[in-house]
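In: Predicted structure and sequence below. I'll ask about it afterward.
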Amino acid sequence: MNETRYTGTWESVKQHTVPAWYEDCKFGIFIHWGIYSVPAFAPRTWELGEVDSDEQWFCNNPYAEWYYNSVNVGRGPTYEHHMNTYGREFRYEDFIPMWKAENWNPGEWAELFQKAGAQYVVLTTKHHDGFCLYPSEHTKFHAGRMGPCRDITGDLTEAVRGAGLKMGLYYSGLIDWQFANDPIFVEGENFSNACPTFEYADYSYKQMKELVDKYRPSVLWNDIGWPKQSEHAMPYLLAHYYNTVEDGVVNDRFNGLYHDFLTKEYQYGKADRTQKWEMCRGMGLSFGYNENEGDDQLISLPKLIRLLVATVADNGNLLLNIGPKADGTIPTEQVKRLLTLGRWLQVNGKGIYGTRCSKRLSEHRADGTQVYYTRKGRDLYFYIDGLKEGCNVVSLPGLHRTVTALNPALEVEQDVSENGLRLTVKNYRSDLYLLGFEAAGQE
Ligand SMILES: CC(C)[C@@H]1NC[C@@H](O)[C@H](O)[C@@H]1O
């Protein structure tokens, strides 16, 4: 730890630059696991950003991790489900003893994330319900003494790092229903200042510092915002974080005052390829496990692989969420997607990991194919999507030398002329997903 490198001023903190590991890693796993994983219920309605975050959204919230508020609003599918399944007297806290994590093996999770090709992991340490997944010294409302009765955060951090991945921590900075639990019906003012007390500002600052000191996370993923009452102290927290974790990164949800990377959440948020950004989403419409989302309701494998490639080509990382069940197992439909992604990356990852943005923008072409570009030094990589089963001819006017298919199973003929490169892919199959190619020295 270098206590003096950063001081508690914005001028000092803003000298921090995005470390190479975060530029190189491209793909991480988000984990939303908590009390809400017991009821595991939400209606399947919209992606965030598809409709306004108003009463319609909050009374039909597709986020299963919002279960508490979805009941607290007093109407809508989740409220009805709770009344019919558990009854009016059953409180949210009554789910805690039902969250036993009896089948949880953090080492198996870490092994799965490694097989998926993920390079970092981000775990919810405290979501909006205020329940901490670590033995906090500032509250008794935590998993160290309730529910799973173990240091979920510490045990997973050890397993993830043991598998060679970076470990990041999520913290709900501005919503904590243990401090302020009026039902939220709209994203406006009462949403962004849900906990307007100095007591909460003091509590959240101490917990953030506690997380930094106990776990030294590589990513501090703050959510919703930061208490106005402690905004002046933010440079101190960030300076302490960077002095403790020199190659740490923080997102853009500290009241927009500072970031190492921008965040997109489904359709919410803006990606700007001139800056580092991160796309995060669940495999369905929810981050917490939702029993209403089976295999057919989750993102398809072609779309998932396209999302990763398109995000990386635009200077982003993909932080793909998993919602484990209360017993600690990961739903098979989610495991299937992680393992398929990992197998694809094993064959095609050379043009993903460690690359940077190419000056060539992604192309959505008239023939229905798409081409995504990345670069590594002077070498160009590109990925073709939208091919048909069997033989496909793809013209690439901007390329003037032969290229190498990343998948050795591909039967490819190439023809270079003044019109550029003509690729004939003779044996495309849809289970090959996007096809990767290396164009050495053709940045
Ligand atoms: C992107 C992800 C961290 C989401 N952020 C907003 C929350 O309200 C939501 O439940 C989820 O945690």
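Out: All right, it came through fine.
In: in this structure, which residue is closest to the centre?
Out: By CA atoms, centre = their mean, the chain has its centre lying nearest to Leu319, at 2.8 Å.
In: where does that one fall, helix, sheet strand or coil?
Out: Here Leu319 is recorded as strand under DSSP: H, G, I helix; E, B strand; the rest coil.
In: can you count the residues close to the residue lying closest to it once chain neighbours are set aside?
Out: Residue nearest to Leu319 in three dimensions, not counting chain neighbours: Cys280, with 4.1 Å by CB to CB, 6 or more residues apart in numbering. C-beta: built from backbone N, CA, C; applies to glycine. For Cys280, the neighbour count with other CB atoms under 10 Å is 22.
In: State the mean pLDDT of the strand or helix carrying Cys280.
Out: If you go by DSSP states H and E, Cys280 is part of strand 277-281. Average pLDDT, strand 277-281: 98.
In: and if you look at stretch 31-50?
Out: The average pLDDT for stretch 31-50 rounds to 97.
In: Can you list the strands that the strand holding Cys280 pairs with?
Out: Looking at strand 277-281 with DSSP bridges, its partner strands are strand 262-265 (parallel), strand 316-322 (parallel).
In: Could you name the stretch from those that's closest to the ligand?
Out: Between the ligand and the strands paired with strand 277-281, the tightest spacing by CB to the nearest ligand atom is seen for strand 262-265, at 4.1 Å.
In: what about Gln114, how many residues close to it?
Out: With other CB under 10 Å as criterion, Gln114 counts 16.
In: So it lies in a helix, does it not?
Out: Yes - according to three-state DSSP, Gln114 belongs to a helix.
In: Pretty sure it sits against Lys166.
Out: No - counting by CB atoms under 8 Å, Gln114 does not reach Lys166; the two are 12.0 Å apart.
In: picking that back up, so what's the residue nearest to the centre of the chain up against?
Out: Going by CB atoms under 8 Å, 6 or more residues apart in numbering, Leu319 touches Gly28, Ile29, Phe30, Val122, Glu278, Met279, Cys280.
In: in a helix, that's where the second one is, yeah?
Out: No - using three-state DSSP, the assignment for Ile29 is strand, not a helix.
In: Tell me the helix or strand right after the helix or strand containing Asn348.
Out: Secondary structure from DSSP H and E places Asn348 in helix 332-348. Per DSSP H and E, the first helix or strand lying C-terminal to helix 332-348 is strand 356-357.
In: tell me what that following strand is packed against?
Out: Judged by 3 or more CB pairs under 8 Å, 6 or more residues apart in numbering; DSSP states H and E, strand 356-357 is in contact with strand 370-376.
In: What pairs with the strand it packs on, parallel or antiparallel?
Out: In its sheet, and by DSSP bridges, strand 370-376 pairs with strand 356-357 (antiparallel), strand 363-364 (antiparallel), strand 379-385 (antiparallel).
In: re earlier: looking at the contacts of Leu319, which is nearest Phe437?
Out: Checking these against Phe437 by CB to CB gives Met279 as the nearest, at 23.5 Å.
In: ok, that closest one - contacts?
Out: Applying CB under 8 Å, 6+ apart, the residues near Met279 are Lys264, Ala271, Leu307, Thr311, Gly316, Asn317, Leu318, Leu319.
In: give me the beta-bridge partners of it?
Out: Beta-bridge partners for Met279, by DSSP bridges, are Lys264, Leu318.
In: Over to Met167?
Out: Taking DSSP bridges as the rule, Met167 bridges to Val121.
In: I'd like to know how many residues surround it.
Out: Met167 has 22 nearby residues by other CB under 10 Å.
In: Tell me if I'm right that it and Tyr215 touch.
Out: Yes - between Met167 and Tyr215 there is a contact under CB under 8 Å: 7.1 Å.
In: Mind listing the shared neighbours of these two?
Out: Common neighbours of Met167 and Tyr215 are listed as Thr157 (criterion: CB under 8 Å, 6+ apart).
In: Check Thr78 and give its pLDDT.
Out: Predicted confidence (pLDDT) for Thr78: 98.
In: now Asp367, what's its secondary structure?
Out: Of the three states, Asp367 takes coil according to three-state DSSP.
In: Next, the contact list for it, please.
Out: Gly386.
In: how close does it sit to the ligand?
Out: Per CB to the nearest ligand atom, to the nearest Å, Asp367 is found 35 Å from the ligand.
In: Now that residue. Its backbone dihedrals?
Out: Dihedral pair for Asp367: phi -80, psi 10, per degrees, to the nearest 10.
In: Mind putting the strands paired with strand 277-281 into CSV with distance to the ligand?
Out: Listed next are those as CSV, based on distance: least, CB to the nearest ligand atom, whole Å:
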stretch, distance to the ligand
strand 262-265, 4
strand 316-322, 7
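In: Please dump the ones you listed into CSV; it should also carry mean pLDDT for every row.
Out: Converted to CSV, the strands paired with strand 277-281 look like this (pLDDT from 0 to 100):
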stretch, mean pLDDT
strand 262-265, 97
strand 316-322, 98
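In: most tightly surrounded among the ones you listed?
Out: strand 316-322 (a mean of 24; mean count of other CB atoms under 10 Å).
In: What's the mean pLDDT across the strand or helix carrying Pro235?
Out: Pro235 belongs to helix 234-244 when assigned by DSSP H and E. The average pLDDT within helix 234-244 is 97.
In: how's this protein carved up into domains?
Out: Here the domain parsing of the chain from automatic domain parsing is 10-351, 358-439.
In: neighbouring contacts of the helix holding Pro235?
Out: 1-10, 12-13, 16, 205, 208-209, 212-213, 216, 220, 226, 248, 250, 254-255, 257-258.
In: how distant is it from the center of its chain?
Out: With CA atoms, centre = their mean, to the nearest Å as the basis, helix 234-244 stands 23 Å off its chain's centre.
In: now what about the strand ranked longest in the chain, what contacts it?
Out: In the chain, assigned by DSSP state E, the strand with the most residues is strand 420-428. Applying CB under 8 Å, 6+ apart, the external contacts of strand 420-428 come out as 384, 387-403, 409-416, 435, 437.
In: residues touching Pro230, list them.
Out: Slight slip there: residue 230 is Ser, not Pro. Counted by CB under 8 Å, 6+ apart, Ser230 has contacts Ala201, Asp202, Ser204, Tyr205.
In: er, Trp277 actually
Out: The contact partners of Trp277, by CB under 8 Å, 6+ apart, come to Phe261, Leu262, Thr263, Lys264, Ala271, Asn315, Gly316, Asn317.
In: what's the farthest-apart pair in the residues you listed?
Out: Thr263 and Asn315 (13.4 Å).
In: Tell me how many other residues crowd Lys100.
Out: So Lys100, with other CB under 10 Å, has 15 neighbours.
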